[in-house]
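Undergrad: Got a sequence here, can you model it:
(one chain, ligands or ions: 2)
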Amino acid sequence: MYLPSFSLDGKLAVVTGATKGIGRAIALGYAEAGADVVLIARTLEDLEKVKKEVEALGRQAFTICNDIKDYKKIIAKVDELLGERPIDIWVNNAGVNIRSQALDVTEEEWMHIVDVNMKSAFFLAQAAAKKMKGNNKGKIINVSSVGGHMALRTGVVYAMTKSAIIQMTKNLAMELGKYSINVNAIEPWYFPTALTETLLKDEAYVNDILDRTPLNRIGKLEELVGTAVYFASDASNYTTGQTLFVDGGMTIYGF
Ligand SMILES: NC(=O)C1=CN([C@@H]2O[C@H](COP(=O)(O)OP(=O)(O)OC[C@H]3O[C@@H](n4cnc5c(N)ncnc54)[C@H](OP(=O)(O)O)[C@@H]3O)[C@@H](O)[C@H]2O)C=CC1
Ligand SMILES: C[C@H](O)[C@@H]1OC(=O)[C@H](O)[C@@H]1O
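TA: Ligands and ions are numbered 1, 2, ... in the order given. Below you'll find the model as predicted:
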């Protein structure tokens, strides 16, 4: 039989930033594929809503209402919630951006973006890997951005953190391979979410995006979930340290 399984039946996935946009889409996609899901975000009302959506799909949902900058508390809450239940999949999705020009970046902006997008992502990946190591298997998926691969006008600090996520993915994949833990990254171009809402309301900005996007349209969230399910499933068991662009062709656009 050559078709590998894309099923996540019986798996447990943890998704950071799981109440809106890309994180919510991934969490629901995972539930549709058979996984139980731990949802992490800072807004309780939103967490309860997505919890109900996961349960409506017949899967178990757990919620952790906490800022990932307090990653030690997140890790303690995961332990408290799950006990001995293994974590099969960890998605570092939560991310923020403050779109300042390089000459205007403040230290506070720097610290906030770096703490959420890079420091928290690393230490949560480290904690997940420590648990997965005991089971000699696991899938860590990091959400980077095209902005980590090429210079966009959406802020240098955000770009630095997204580029760091790509390199973190490679180094973790190298070190964790001996425990059969796969580490991969997704690099999205533009998708309609709260994070990009303001940008995508600007017709001139959208036209600039489309001018550089061979598929000539903004992505649909369901078109990103497939990649996240692939990286979470047995279908990707021999794929690690990789970054997959889900970008409408933007990164190959020359002239
Ligand atoms: N949308 C896009 O076009 C692109 C997005 N990306 C990346 O995808 C990821 C998701 O982005 P997107 O879905 O657009 O973002 P949204 O702002 O739409 O959603 C962010 C999610 O993360 C949660 N969140 C934000 N900050 C924190 C925090 N400090 N601690 C815990 N949870 C947090 C939010 O809930 P709450 O506020 O309640 O905590 C929400 O659930 C990010 O890493 C982003 O960089 C990459 C390329 C393109
Ligand atoms: C494609 C980028 O990641 C995009 O640019 C932004 O400023 C938003 O934060 C999105 O992440």
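
Undergrad: Per-residue pLDDT of residue 65, please?
TA: Note for residue 65: predicted pLDDT of 98.

Undergrad: For it, list the residues it contacts.
TA: Residues near residue 65 by Cβ atoms under 8 Å, 6 or more residues apart in numbering: 41, 42, 43, 44, 47. Yep, even glycine has a C-beta here, placed from its N, CA and C like the rest.

Undergrad: Of these, select the buried ones using a PyMOL command.
TA: In PyMOL, a selection of the buried entries from the contacts of residue 65 looks like this (16 or more other Cβ atoms under 10 Å):
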select buried, resi 41+47
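
Undergrad: so which of the contacts of residue 65 are also by ligand 1?
TA: Applying Cβ under 6 Å from any ligand atom to the contacts of residue 65, one finds that 41, 42, 43 fall near ligand 1.

Undergrad: So which of these sit within helices?
TA: When helices are assigned by DSSP state H, not one member of the ones next to ligand 1 among the contacts of residue 65 lies inside them.

Undergrad: before we move on, the earlier item: mind putting the contacts of residue 65 into TSV with pLDDT?
TA: Shown next, in TSV, are the contacts of residue 65 (pLDDT from 0 to 100):
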residue	pLDDT
41	98
42	98
43	98
44	98
47	98
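
Undergrad: Include distance to ligand 2 when you put the contacts of residue 65 into TSV, please.
TA: Putting those into TSV (distance: Cβ to the nearest ligand atom, whole Å) gives the following:
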residue	distance to ligand 2
41	17
42	17
43	19
44	24
47	22
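
Undergrad: What distance do you get for the closest residue to residue 180 other than its chain neighbours to ligand 2?
TA: The shortest distance from residue 180 to any non-neighbouring residue, by Cβ to Cβ, 6 or more residues apart in numbering, is to residue 137 (4.6 Å). Per Cβ to the nearest ligand atom, to the nearest Å, residue 137 is found 30 Å from ligand 2.

Undergrad: all strands of the chain, in order?
TA: 12-16, 36-41, 61-65, 89-92, 138-143, 181-188, 243-246 (DSSP state E).

Undergrad: out of the ones you listed, deepest packed?
TA: Stretch with highest mean neighbour count among the strands of the chain: strand 89-92 (a mean of 28; mean count of other Cβ atoms under 10 Å).

Undergrad: For the residue nearest the centre of the chain, which residues are in contact?
TA: For the chain, residue 93 is the residue whose C-alpha lies nearest the centre (Cα atoms, centre = their mean; 2.6 Å). For residue 93, the contact set (Cβ under 8 Å, 6+ apart) comprises 15, 16, 17, 18, 22, 23, 26, 143.

Undergrad: The closest residue to ligand 1 within the stretch 51-200 of the chain: neighbour count?
TA: With Cβ to the nearest ligand atom as the measure, residue 95 is the residue of the stretch 51-200 of the chain nearest to ligand 1, at 2.2 Å. Counted with other Cβ atoms under 10 Å, the neighbours of residue 95 add up to 26.

Undergrad: So it sits against residue 116, correct?
TA: Yes: taking Cβ atoms under 8 Å as the definition, residue 95 is a contact partner of residue 116 at 6.5 Å.

Undergrad: Between these two, which contacts overlap?
TA: What both residue 95 and residue 116 touch, as defined by Cβ under 8 Å, 6+ apart, is an empty set.

Undergrad: so what pLDDT did residue 181 get?
TA: Per-residue pLDDT puts residue 181 at 98.

Undergrad: Show me what it bridges to in the sheet.
TA: Beta bridges link residue 181 to residue 138, judged by DSSP bridges.

Undergrad: hang on, isn't it packed against residue 141?
TA: No: counting by Cβ under 8 Å, residue 181 stays clear of residue 141, with 11.4 Å between them.
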